[in-house]
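> Return atomic coordinates for the entry below.
(one chain, ligands or ions: 1)
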Amino acid sequence: MSTSAPSDSMMDRTFPDPEGATPMMAQFLDLRAQAPMDALLFYRMGDFYELFFDDAVRAAEALDIALTKRGEHQGEKIAMCGVPVHNAQAYLSRLIKAGFKVAVGEQMEDPAEAKKRGSKSVVRRAITRIVTPGTLTEDDLLDARQANRIGALARLANGDMALAWADVSEGLFQSIALPADALEAELAALNPAEILVADEDAKTVSILCPGSAVTARARAKFDPASGDRRLRQRFEVQTLESFGDFSKAELAALGCLLDYLELTQAGAPAKLSAPVSIAAGAAMAIDPAARVSLEIERTMSGSRKGSLIDAIDETVTAPGARLLAERLARPAMDLSSIHARLDAVQFFLDARNLRESVRARLKRAGDPARALSRLCLGRGGPRDALQLARALREGERLNGDFSQSPLSSPPDAVARALEAVSLAARPDLAALVQDVEWAMIEEPPLLVRDGGFVQTGWAPDLDELRKLRDDSRRIVAGLQKTYADESGVAALKVKHNNVLGYFIEVSAKNADALMGREPFIHRQTLANAVRFSTPELGELEAKIASAGDRAVALELEIFEGLRDRLEALSGQVRDAARALAELDLASANAQWAERAAATRPVVDDSCVFEIEAGRHPVVENALRRNSDGRFTPNTCALDGAGKAHARLLLVTGPNMAGKSTFLRQNALIAILAQAGLFVPAGSARIGLVDRLFSRVGAADDLARGRSTFMAEMIETAAILNQAGPRALVILDEIGRGTSTYDGLSIAWAAVEHLHGVNRCRALFATHYHELTRLADELEACGNVSLKAKEWKGELVFLHEVQPGPADRSYGVEVAKRAGLPRAAVARAKEILKRLESDDAPASALADLPLFSAAAPEPEARPSEVEDRLRSIDPDGLTPREAHELLYALKTLADKSG
Ligand SMILES: Nc1ncnc2c1ncn2[C@@H]1O[C@H](COP(=O)(O)OP(=O)(O)OP(=O)(O)O)[C@@H](O)[C@H]1O
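From the prediction side, this is the model:
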């Protein structure tokens, strides 16, 4: 989602002043002045949201709806467009996706109320919400399996930085103080839908976060002291110390974020958990290039299909899937939590029956965290409340399943999650769940507005009103027969509409039978029908309407009561929702481990990286799907200390032999292991990796005006400057985008630097065979290569990693496989032979005759005359044009002649 397009030009807009405006237009302009300039204003008028002036022009274009005019203001017609309220969500969604924000101006009173103040008075309206990409809660505006984060980046005058973020749909509220070199990695991990920055940082951040809507805020909004005050007020504490130790920059970022959330929710602020400060270094830092090239959450082309997460995700709930994404975005650095998560997966792998019952129960649990947020924001309906109760009920049943299981007690992480979903330990919540389940019908409506969701038997008063309403309706239905008998018009019908209420309708030819006769009162004559009312129908109408209204009001009251109780227990509900997601993720990873023969990694504080029979889950899946044979597992052994194994391995081998796959699979295994998940390998031992760098696959970074080579060098520079001894570095063919000698020298120097200065674990794939000599000179540098062999003149890749360097590169054979014309392949072989036979390649090239024996056969190409002839449409030519064309063709033929 990119918002830069609309929002850039939105800030420069102006709206007319209210001088001489009609009362309604004056009210519109007043609301318009209150709404942020970068938002469109939806102005509620009955069943429509109307947009005026520049808002209307932009919305009509973005939504492809009619732009009309309505009255005049200061002598100019007012542009207008509108969207129906009942369908507003769909339009909102399109506008948000197109990068707009929308301020919603609602009617705050019944039009009848306004009339009481005088016939000219305008219905009171107020902005109740500003819909922005980062503050959505509605299911149909959100991706169920993806978190929706809003971030705020504070940069203080002394250079200190912090990032704060919230997930309004889940209530999460966190911050982290950032060293400058961690900014890019943190932003990439967060991947916010919207990010708030000070005006002057907006440009830079929109480059760093190309997928996020960047909202510029005044620098004054990032003030640590007012942030501190705002937070204390909001969370009703004297000091924030009990929540953690926040840096000034964190207070500035959290404060700005809270201010914006309050602004956008217009006085009904999102229910947020108390802020949590995340320690810098608590997660493995993954640089943005690595995140993209490893295709963790989505592929380079942007789809989830084909990504790591898509290959391993076996979760059965959306919150479980979001938790998986969160774990992969921030693999942990804390050994005890990694081990606890792995214990949970191991438990579910062993306890197959329990795993199945957990998964079956969770499938019914839905998305309680998002339902709770909607309810707390006053946007939730009966369906949300019931879904939430059902989720909590399933949690309770899970406790029952576990207590009946003959297995030994579950590991800590599972036991804690079970405790968090135990209703037995929470009597208030248990009572509430029971009440919601009782009060609601089996399939309640989405919205609370029209009632009809409270179960018969729950509230006697409600039943009474409904009975009154239904009895009256039955009497009305009975009256049709009575009136037909009385009037002798068998075809007489009792009908209902909003203008007349209940009425009698007869055809024009039967009207005389009722006209002027008691109790019938003539009301309307239409072309084919005549309508009558009776006092009795009028009375029943009033009774039904008032009983119906009172019944709906009572249902709303019941709903509000349940909602208030849920809100009061929101902390417990949120913990339970999180625990259900934990159970989903652990059991899902066990499910995947069983299917994909993944194993439990050993993660410790050593510096080794020992993967035996490792696989790339995505490539393996693709091979299986296309029946392209089996994935060849490969072993990788590194040791940061340079003792047990090499610290840096040079990986050589032909193109297409599997070098990039080998590099990537090892990086992915490190991420999975520290995320607390099983890994696709025979066995794995991983000493904690604090930073993962990867430069695999060249890509232009046109947004930043960088060529492929420049982008590659910037990323390589970042690695050489930042990688510490705990880092894992994956480098693929650096130096390729420049001349051979330049490239080779850069690659050479990079290997030496990584080996001697960074002293980190590294895999370095290269086409420069000269580099493999470095293994003899550097004490902790080794060679591995991917096997290939020639068989009956064809190249066969074995995809097998073996010790030692590759003997040659086979590039020309790969080109042949790719379909390079035969003549070009022959020519390439010829050139290669010369180059390989000579020590000085430049002179070898100079010797090569420009048109050698292997000169390519000219390929038959259509002549210019033929091309021209093909482009002619004979039926479309006038005789004169045809004549001229004939001459033109003749000239062409003579020229090429
Ligand atoms: N271990 C493996 N087992 C089976 N097939 C593999 C394996 N590794 C790679 N392949 C197959 O080979 C293809 C090419 O792999 P990869 O891109 O890793 O080669 P490469 O050596 O990096 O090539 P280049 O040097 O051209 O970038 C993959 O798409 C996959 O189909």
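
> doesn't V651 fall inside a strand?
Yes: residue state for V651 (DSSP: H, G, I helix; E, B strand; the rest coil) corresponds to a strand.

> so who does it touch?
Shown in contact with V651 (CB atoms under 8 Å, 6 or more residues apart in numbering): K659, F662, L663, L763, F764, A765, T766, V784, S785, L786, V801. Yep, even glycine has a C-beta here, placed from its N, CA and C like the rest.

> from the residues you listed, which are also near the ligand?
Among the contacts of V651, the ones lying near the ligand by CB under 6 Å from any ligand atom are K659.

> Adding neighbour count, secondary structure and pLDDT, write the contacts of V651 out as CSV.
Below are the contacts of V651 laid out as CSV (neighbours: other CB atoms under 10 Å; DSSP: H, G, I helix; E, B strand; the rest coil; pLDDT from 0 to 100):
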residue, neighbour count, secondary structure, pLDDT
K659, 26, helix, 91
F662, 27, helix, 96
L663, 28, helix, 95
L763, 25, strand, 97
F764, 25, strand, 95
A765, 22, strand, 93
T766, 28, coil, 90
V784, 25, strand, 95
S785, 23, strand, 92
L786, 24, strand, 90
V801, 22, strand, 93
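
> Out of the contacts of V651, which two sit at the greatest distance?
Greatest spacing in the contacts of V651, by CB to CB: T766 and V801 (14.6 Å).

> so where is the stretch 551-700 of the chain shaky, pLDDT-wise?
697-700 (pLDDT under 70).

> Can you pull the residues of it lying near the ligand?
So the stretch 551-700 of the chain meets the ligand at 619, 623, 631-632, 634, 653, 655-661 (CB under 6 Å from any ligand atom).

> K543 reaches L468, doesn't it?
Yes: contact criterion CB atoms under 8 Å: K543 and L468 qualify, at 6.6 Å.

> Kindly indicate which of the contacts of V651 lies nearest V608.
Closest approach to V608 among these (CB to CB): L763, at 14.1 Å.

> Assign a three-state SS to L720, would you?
Taking three-state DSSP as the rule, one finds L720 in the helix state.

> what's around whatever residue of the chain ends up closest to the ligand, how many residues?
Nearest to the ligand, among the residues of the chain, is G658, at 2.8 Å (CB to the nearest ligand atom). Residues contacting G658 under the criterion other CB atoms under 10 Å number 24.

> Surely I130 is in a strand?
Yes: secondary structure of I130 (three-state DSSP): part of a strand.

> Now for it: which residues touch it?
Contacts of I130 by CB under 8 Å, 6+ apart are A35, P36, A39, K101, V102, A103, V104, L263, T264, Q265, A266.

> Please indicate which of these has the highest neighbour count?
Busiest of the contacts of I130 [other CB under 10 Å] is K101, holding 26 neighbours.

> thinking again about what came up before, so which of the residues of the stretch 551-700 of the chain next to the ligand comes closest to L832?
Distances from L832 to those, taken as CB to CB, are shortest for N655 (13.9 Å).

> can you give me phi and psi for the closest one?
When read as degrees, to the nearest 10, the backbone of N655 gives phi -60, psi 150.

> likewise G71?
Main-chain dihedrals, G71, degrees, to the nearest 10: phi 60, psi -170.

> Now for it: which residues touch it?
When contacts are counted by CB under 8 Å, 6+ apart, G71 touches T22, M25, K77, I78.

> what about 6 Å?
Neighbouring residues of G71 by CB atoms under 6 Å, 6 or more residues apart in numbering: I78.

> Is the helix or strand containing A815 in proximity to the ligand?
A815 belongs to helix 811-817 when elements are defined using DSSP states H and E. No: Helix 811-817 lies out of reach of the ligand by CB under 6 Å from any ligand atom, never closer than 6.9 Å.

> Which strands and helices lie in contact with whichever helix or strand comes after that helix?
Beyond helix 811-817 on the C-terminal side, the first helix or strand identified by DSSP H and E is helix 822-837. Other helices and strands packing on helix 822-837, by 3 or more CB pairs under 6 Å, 6 or more residues apart in numbering; DSSP states H and E, are helix 811-817, helix 841-847.

> tell me the average confidence for helix 822-837?
The pLDDT scores in helix 822-837 average 77.

> Around the ligand, which positions in this protein sit nearby?
Contact residues (CB under 6 Å from any ligand atom) of the chain with the ligand: 619, 623, 631-632, 634, 653, 655-661, 799.

> what about the closest residue to P633 other than its chain neighbours, which helix or strand?
Leaving out its chain neighbours, the residue that sits closest to P633 by CB to CB, 6 or more residues apart in numbering is A613, at 3.7 Å. Counting by DSSP H and E, the element that carries A613 is strand 608-614.

> Next up, the contacts around F609.
By CB under 6 Å, 6+ apart, the contact list for F609 reads L638, I686, R761.

> any idea how far it is from L720?
Relative to L720, F609 is positioned 20 Å away (CB to CB, to the nearest Å).

> could you redo the residues of the chain next to the ligand as CSV and give each row secondary structure?
What follows is these, written out as CSV (three-state DSSP):
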residue, secondary structure
V619, helix
L623, helix
F631, coil
T632, coil
N634, strand
G653, coil
N655, coil
M656, coil
A657, coil
G658, coil
K659, helix
S660, helix
T661, helix
H799, strand
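
> Which one of these sits in the busiest neighbourhood?
G653 (29 neighbours).

> That one: what's its closest spatial neighbour, skipping adjacent residues?
Nearest non-adjacent residue to G653, counting by CB to CB, 6+ apart: L786, 3.1 Å away.

> re earlier: just give me the closest of the residues of the stretch 551-700 of the chain next to the ligand to R834.
Nearest to R834 out of those is N655 (CB to CB; 20.8 Å).

> So that closest one versus A824, what's the distance?
N655 is 16 Å from A824, where distance means CB to CB.

> what does E539 give?
Counting by CB to CB, the gap from E539 to A824 is 95 Å.

> now do P36
From P36 to A824 the distance is 60 Å (CB to CB).

> swap in E712?
Distance of E712 to A824, computed by CB to CB: 27 Å.

> quick one: which of those two has more around it?
Ranked by neighbour count (other CB under 10 Å), E712 and A824 place E712 first, with 27 against 14.

> How about the secondary structure of that one?
For E712, the secondary structure call by three-state DSSP comes out as helix.

> For the closest residue to K659 other than its chain neighbours, list each beta-bridge partner.
In space, K659 comes closest to A765 once its chain neighbours are excluded; the distance is 4.2 Å by CB to CB, 6+ apart. Counting by DSSP bridges, A765 is bridged to V651, D732.

> in the protein, which helix or strand is least confident?
When each helix and strand of the chain is scored by mean pLDDT, DSSP states H and E, helix 841-847 comes last, with a mean of 45.

> which secondary structure elements does the helix or strand that comes right after that helix contact?
Scanning forward in sequence from helix 841-847 by DSSP H and E, the next helix or strand is helix 864-870. When contacts are defined as 3+ CB pairs under 6 Å, 6+ apart, helix 864-870 packs onto helix 879-896.

> buried stuff in the helix it packs on?
If you call a residue buried by 16 or more other CB atoms under 10 Å, then helix 879-896 has these buried ones: L892.

> now do stretch 130-145
So stretch 130-145, judged by 16+ other CB under 10 Å, has buried residues I130, V131, T132, P133, G134, T135, L136, T137, D139, L141, L142, R145.

> Kind regards, and thank you for your time.
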